[in-house]
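# Structural data only, the sequence is not supplied:
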């Protein structure tokens, strides 16, 4: 799998953070078709942010692919059309332990990005697969602070 992160990772801009960085350690992924990293140290100014410390307060990021990659079936011999187009689902999940109320036990926040790639498009239309991801990643990078503000304020 190409997913290989270089540590430390520079975080996206966030209101109240100055130069956020995250030092990563290789972790054990939940499945054999994934890679996982745990945040072992926090850098920059991020008041009250903690690294991955206990199972109830994780700070991990995981990317997984399908255990078995799907391929295109044969076209229908009568119509010459595909009957169904299977999809290969890739996921990127970040887990962060958060405090729902002072004095209460932590709860885990999950952030998931999922890619449902039609089988065959990886070779027949790779440039458009890449363009779709490029836009998605670019929007996240461009509005990182706005997304953080929305997650905290509920205002979109």
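All right, it came through fine. These numbers were taken from a predicted model, which means no experiment stands behind them. Residues are numbered from 1 along each chain as shown.

# Please enumerate the helices of this protein.
Assigned by DSSP state H, the chain shows helices spanning 121-124, 126-142, 144-153.

# quick one: pLDDT of residue 91?
What the model reports as pLDDT for residue 91 is 95.

# for residue 1, same thing?
Reported pLDDT for residue 1: 44.

# now the helices of the chain in a markdown table, with mean neighbour count?
Every C-beta, even on glycine, is put in place using the N, C-alpha and C of the backbone. Putting these into a markdown table (neighbours: other C-beta atoms under 10 Å) gives the following:
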| stretch | mean neighbour count |
| --- | --- |
| helix 121-124 | 12 |
| helix 126-142 | 11 |
| helix 144-153 | 14 |
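
# burial count for residue 49?
By the criterion of other C-beta atoms under 10 Å, residue 49 has 16 neighbours.

# Verify the contact between it and residue 43 for me.
No: the criterion here is C-beta atoms under 8 Å, and residue 49 misses it with residue 43 at 10.1 Å.

# Who does the residue most central in space within the chain form a beta bridge with?
The centre of the chain sits closest to residue 92, judged by C-alpha atoms, centre = their mean, with a distance of 2.8 Å. Counting by DSSP bridges, residue 92 forms beta bridges with residue 63, residue 113.

# And the strands in this protein?
Remark: strands assigned in the chain by DSSP state E are 9-10, 18-27, 34-45, 59-64, 87-98, 107-118.

# Out of the ones you listed, which is the most enclosed?
Between the strands of the chain, strand 59-64 has the highest mean count of neighbours, a mean of 22, where neighbours are mean count of other C-beta atoms under 10 Å.

# With distance to residue 71 added, can I get the strands of the chain in TSV?
Formatted as TSV, the strands of the chain follow (distance: least, C-beta to C-beta, whole Å):
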stretch	distance to residue 71
strand 9-10	34
strand 18-27	31
strand 34-45	21
strand 59-64	19
strand 87-98	9
strand 107-118	11
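
# Please consider this matter closed, and thank you.
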